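Asker: quick one: sequence plus predicted model below, questions after.
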Amino acid sequence: MCYVITAPHLVERHEYIKNLFKLNNISNYKFIYGPNGNDINIDDLKKKKLIHKKKLNNNIFKFPIATFLTHKIAWEDMILNKYKLCAFFEDDVVFFDNFKSDLKKFMNNLPSYWSVLN
């Protein structure tokens, strides 16, 4: 399964991914729609003690937090569905020439004890 990390309002990026994946014969994917960074309330996260109040004192972190939360949703879906092998892509990914063959070579040469690669 391939997960695409995105937000509902990024429609142009959704179309970009659909076209990119079609060109690369990738059909087993799903979009994971997370929060819009503009909707992240830093003060609420501080009150809930989800972030350190001294570390994040401005709104510059709203979009990375939204991306992190979207990744969390994808991981929860992966666990719920008991997928053994998944790839995570953000909605602005670029595939270089030979992406699929290079990925296949990479996957065929993983050590037997691997769990997470980034």
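Answerer: Sure thing, it's come through. Numbers count the residues shown, from 1 in each chain.
Asker: assign Phe88 to helix, strand or coil.
Answerer: Under the three-state scheme (DSSP: H, G, I helix; E, B strand; the rest coil), the conformation of Phe88 reads as strand.
Asker: how about it, nearest residue that isn't a chain neighbour?
Answerer: Tyr3 (4.9 Å; Cβ to Cβ, 6 or more residues apart in numbering). To be clear about C-beta, it is placed using only N, CA and C from the backbone, and glycine gets the same treatment.
Asker: off-centre distance for the strand or helix carrying that neighbour?
Answerer: Tyr3 belongs to strand 2-6 when assigned by DSSP states H and E. Strand 2-6 sits 5 Å away from the centroid of its parent chain (Cα atoms, centre = their mean, to the nearest Å).
Asker: please apply the same query to stretch 40-52.
Answerer: 22 Å.
Asker: which strands and helices lie in contact with the lengthiest helix in the chain?
Answerer: Counting by DSSP state H, the longest helix found in the chain is helix 62-80. In terms of contact count using 3 or more Cβ pairs under 8 Å, 6 or more residues apart in numbering; DSSP states H and E, helix 62-80 is assigned the packing partners strand 2-6, strand 29-33, helix 42-47, strand 87-90.
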